[in-house]
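Undergrad: How does the following fold in three dimensions:
(2 chains)
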There are 2 protein chains.
Amino acid sequence: MILLLGATGYIGQAFARELMRRRWDFRPLSRREVDYSRFETLLECLRSNKPSFVLNAAGFTGRPNVDACETARADTLQGNTLLPITIADACAATGAPWGHVSSGCIYSGAYIVEGERRAIESDLMQPGVRALIERCPSALRGFTEEDEPNFTFRRPPCSFYSGTKALAEEALRKHSNGFLWRLRIPFDEVDEPKNYLGKLLRYARLYDSFNSLSHRGDFVRACLDLWECRAPFGTYNVTNPGFVATRHVVALIQKILKPGRAFEFFASDEEFYRLAARAPRSNCVLDVSKLLATGVKLRPVEDALTEALKNWRREGG
Amino acid sequence: MILLLGATGYIGQAFARELMRRRWDFRPLSRREVDYSRFETLLECLRSNKPSFVLNAAGFTGRPNVDACETARADTLQGNTLLPITIADACAATGAPWGHVSSGCIYSGAYIVEGERRAIESDLMQPGVRALIERCPSALRGFTEEDEPNFTFRRPPCSFYSGTKALAEEALRKHSNGFLWRLRIPFDEVDEPKNYLGKLLRYARLYDSFNSLSHRGDFVRACLDLWECRAPFGTYNVTNPGFVATRHVVALIQKILKPGRAFEFFASDEEFYRLAARAPRSNCVLDVSKLLATGVKLRPVEDALTEALKNWRREGG
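TA: Below is the predicted model of the structure:
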């Protein structure tokens, strides 16, 4: 039996749906039922339920956005760092393997390869860099799991949210029996506040950047596939292969949804941070070679975006 | 056998000395020998050593002072929050009771009682408040273990250090099998950089405030006494009864050590934070009734200070 923590969150819901679809035996555990943030309670629960796998989809992302984590520091640390440690500890004490929803937002930028030059570039929107990427997309290489995160408390500046996610990775990597699945900017065909496409449709003005993205359903399928195929434990970037600029996603929205309105963009980073954002934002591209090498399949990001927009529907609709 | 973690730190050294003096069987564990920040390693160590008690005196306090914790966020969280959780989890999994060196610096100020009025006052240096305390010391009442910490991530402003210590308490209080021993501004008769009296002698200018203090030897004796007398697990303020103003400690230094120089004070909070400090400082008074009610003895702070100054000596001297 699989134990699912955080089953009511945006990613947890998708795990629950996919587990039902696969008819895998699982139990969603709510904190109201069992306070799994208490080690002793969770340990007892694991000892009596003997799950074959523990899946942690709980986390604190901030509402309405990540800026809320700058002030809600205790809750951000509790949800993103302390809770995952408690879960991994209890799993280690009982021998249960686990999977944790980590995040790619602990990176900023990508590698840029230009002739002999290969360097990490944190600001992909610089005119020269942007022009190079548009002219030659293969000049941009995502971060692999071997690359040290560069948007963390150890490599400031970072958002408080990213700091806590990176610190969890640092702690969980000391454990031998689990998966760290890195999600990036989730989206799918269901319009709701946590869906990236829904956000783009709702924001008054947009911030242009290059990013890797994770289709929510594709993400949870890939995570469960990794476990099913007994891929080695460890860290995996789980994003749809490829990357997109925000302007390109907006062009797809215009073409497919035909919302009949224009989308405005911030003129510069300076304007974005002055008017709209408090915490620095992670924009980054991830390399998914490690995931694909296990045999797990994932659609290219362009296909996943197009399909999501073609099947666009209201929540509950 | 007692397992002692953090045996080389300022407080850990004192625990090791007192344990030797008592001829209690103990083993200091160094991270070089056993990386006890790894849950799996620590669990194995506890399973094979079966300690009767685990004592955690490790922590990250920042060098030269607490301001360093504002930037070294990952290390501060790792040392003060994540490590204590890992230790408490491993102890819970193996049934070993534990003691953790917490800190009183998660409070600011004290209760001020004046006629009908009883309120928390965070700035004891306000002229009116200060005059009242000097006229009527019993108007000042320390925080008890029942009082919610008010210098934490949940109750900003706080220093990053204090935030991490408070978050550890919040997490550790979910465990049933351990002690949280709150230390405040340690000092004793041995001149060294971590000794409060040594700091007062070295700083170019001083910040005046009312505080509770912990004599280092008295602190570790009281902690071990609590365990020896099987006092109930939980949180204990472990400071010498009473409180002192910095100016009063300086007067004792002048009287006993006769350093033959004057001591300057910052004219105001504003001047202190502008010239000397980055992170807000905790100044507070703690109530030790709970500790004393267990029968554990502790000298009044005035006696402990006077004795320390009368026996003042160089490190290693």
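Undergrad: Could you measure from the closest residue to residue A:79 other than its chain neighbours over to residue B:158?
TA: Nearest residue to residue A:79, sequence neighbours excluded (Cβ to Cβ, 6 or more residues apart in numbering or on different chains): residue A:60, at 3.0 Å. Quick note: C-beta positions are derived from backbone N, CA and C, even for glycine. Distance of residue A:60 to residue B:158, given as Cβ to Cβ, to the nearest Å: 19 Å.
Undergrad: more neighbours, those two?
TA: A direct count of neighbours by other Cβ atoms under 10 Å in any protein chain shown for residue A:60 and residue B:158 places residue B:158 higher, at 24 against 21.
Undergrad: OK, contacts around the residue nearest to residue A:79?
TA: By Cβ atoms under 8 Å, 6 or more residues apart in numbering or on different chains, the residues touching residue A:60 are A:69, A:72, A:75-76, A:78-80, A:161, A:164.
Undergrad: same check, this time on residue A:43
TA: Neighbouring residues of residue A:43 by Cβ under 8 Å, 6+ apart: A:90, A:93-94, B:92-93.
Undergrad: Buried only: go through those for me.
TA: Buried subset of those (neighbour count, 16 or more other Cβ atoms under 10 Å in any protein chain shown): A:90, A:93-94, B:92-93.
Undergrad: Show me what the most centrally placed residue in chain A is bridged to.
TA: The centre of chain A sits closest to residue A:183, judged by Cα atoms, centre = their mean, with a distance of 2.2 Å. Counting by DSSP bridges, residue A:183 is bridged to residue A:103.
Undergrad: isn't it right up against residue A:214?
TA: Yes. Counting by Cβ atoms under 8 Å, residue A:183 touches residue A:214, with 4.9 Å between them.
Undergrad: shared neighbours of these two, which are they?
TA: In contact with both residue A:183 and residue A:214: A:238-239, using Cβ under 8 Å, 6+ apart.
Undergrad: Where do the strands of the stretch 101-250 of chain A begin and end?
TA: Ranges of strands in the stretch 101-250 of chain A, per DSSP state E, counting those that start in this stretch, are A:110-114, A:117-121, A:140-141, A:178-183, A:186-187, A:190-191, A:205-206, A:210-211, A:214-215, A:234-237, A:244-245.
Undergrad: Which one of those strands lies nearest to residue B:174?
TA: strand A:178-183 (21.8 Å; Cβ to Cβ).
Undergrad: Tally up the residues packed near the closest residue in space to residue A:85 that isn't next to it in sequence, please.
TA: Among residues not flanking residue A:85 along the chain, residue A:171 sits closest, at 5.2 Å (Cβ to Cβ, 6+ apart). Residues lying near residue A:171 (other Cβ under 10 Å) number 24.
Undergrad: likewise residue A:213?
TA: Per other Cβ under 10 Å, the neighbour tally for residue A:213 reads 25.
Undergrad: and the gap between the closest residue to chain B within the stretch 201-317 of chain A and residue A:157?
TA: Across the stretch 201-317 of chain A, no residue is closer to chain B than residue A:233, which sits at 12.6 Å (Cβ to the nearest Cβ). According to Cβ to Cβ, residue A:233 stands 31 Å off from residue A:157.
Undergrad: Among those two, which residue is more densely surrounded?
TA: Neighbours per residue, other Cβ under 10 Å: of residue A:233 and residue A:157, the larger number sits with residue A:233, 17 against 12.
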